[in-house]
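A.B. asks: I'll drop the sequence and a predicted model, then ask my questions.
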Amino acid sequence: MTDIRKMIKDGSHILILVGLLVLLYFILVFTGIAKCSSVPFGCELYWGVMGYATGGPRVLIVYGDSGLGNPIGGCTDEYCSLQDMLANPEFLGVRADTLHIDRVNTGNLRPYHLVIVERARKISTEKLRAFIDYYGTGGRLVWTGDAGTELGQSIVNGQIVTDEYLYLNERQDDTNEHIKLGPWARKQGDLMISFDQLLSLTYRGNFCDISPCKNDKPVYAGSLQPEPSLEHPLIRGMSVELPLWVFDKEDFAIVNTLSGGITTEVLSLDFGTKIVTGTSLDTPPGLRDANFSRSTPMIVTSGVGERVIYYAMPPELYANPKLEGFDKGVYLLPLENMYYGIIKG
């Protein structure tokens, strides 16, 4: 009898230990510290539990009225939307819901495991706060191109308020320099909304703002350079020095990484030379007489667990169907890796 009691007691201890290990595993995957693929059949277990009511990971595409990206619609000889490419059963077979930026709030974002934002140049500070809150509750966020680089209007205490930029002397007490920190750094009254620090980036402009681009002919922008180990899941299988060709308004954003954050530059673009802009009236005022380094980040992850991922060029534009008409290669891997790299690792 004593031996039986001891066996039952030992068995209960083992079950408790296993349960604690499973709980720890779920917490680590939820926060992004560990990938679900880190244990055999881990992704099936994790998403089987987390997505039990939805049949798997839930994906949301948030879109606006202007900016980089082709978020919704079908696929033609000159256009393939992100929504259509994700849903293609021969490719990923992932159904993504869509939501206009005007309807975004924290409650609308919370049910989704992955939120992708594109073609949304104008985003109010109030909406940026909703994305920060979504990230804070464990969400995975993909931000693309020039999303959120124009001010909007927010409703504060029932009043319509024009959004404001944040300046250096308002963030740092040890300086009097009244320098704008970039369009992703905002303020609401005395409250700082540091979306730039969430992305670990500052936006400078779009490639076609500083270099001549055409609608009817692709322009060579440079060569793509993956991070040295080639092991990151977002660039898995990509070759080095792939040429990148772009069209006018179907290009990419030029950004700088911020120091002090947990940042990984997964993919960059080598222009081949430094870019110096002139004083032409065709160049936006903030980009005249500007110097750009020889390379620019194309895919950047930030934060603990890499749950915030920035794509300077919307991933569907790597596979722009128009390129095939000019005998230029299309790249499907960036989009495929975006989904599997984030969801499974």
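C.D. replies: Now that the structure is in, tell me what you want to look at.
A.B. asks: In a strand, residue 245, correct?
C.D. replies: Yes. Counting by DSSP: H, G, I helix; E, B strand; the rest coil, residue 245 is part of a strand.
A.B. asks: Contacts only, for it.
C.D. replies: Each residue near residue 245 by Cβ atoms under 8 Å, 6 or more residues apart in numbering is listed here: 218, 219, 220, 221, 323, 326, 328. C-beta: built from backbone N, CA, C; applies to glycine.
A.B. asks: now do residue 311
C.D. replies: 142, 143, 144, 145, 298, 299, 334, 338.
A.B. asks: and if we set it to 6 Å?
C.D. replies: 144, 299 (Cβ atoms under 6 Å, 6 or more residues apart in numbering).
A.B. asks: Show me the beta-bridge partners of it.
C.D. replies: residue 144, residue 299 (DSSP bridges).
A.B. asks: again, but for residue 61
C.D. replies: Residues in beta-bridge contact with residue 61 (DSSP bridges): residue 98, residue 116.
A.B. asks: rewinding a little: of the contacts of residue 245, which count as buried by neighbour count?
C.D. replies: Buried members of the contacts of residue 245, scored by 16 or more other Cβ atoms under 10 Å, are 218, 219, 221, 323.
A.B. asks: I'd like the domain boundaries of this protein, if you could list them.
C.D. replies: Residue ranges for the domains of the chain, per automatic domain parsing: 2-30, 37-343.
A.B. asks: Make JSON lines from the ones you listed and add mean pLDDT to it.
C.D. replies: Listed next are those as JSON lines, based on pLDDT from 0 to 100:
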{"stretch": "domain 2-30", "mean pLDDT": "66"}
{"stretch": "domain 37-343", "mean pLDDT": "88"}
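A.B. asks: Pick the most buried one from these.
C.D. replies: Ranked by mean neighbour count under mean count of other Cβ atoms under 10 Å, the domains of the chain are led by domain 37-343, which reaches a mean of 17.
A.B. asks: which residues sit in contact with the residue nearest the centre of the chain?
C.D. replies: For the chain, the residue nearest the mean C-alpha position is residue 142 (2.5 Å; Cα atoms, centre = their mean). The contact partners of residue 142, by Cβ under 6 Å, 6+ apart, come to 116, 309.
A.B. asks: Apply 7 Å and report the result again.
C.D. replies: 114, 116, 117, 309, 311, 338 (Cβ atoms under 7 Å, 6 or more residues apart in numbering).
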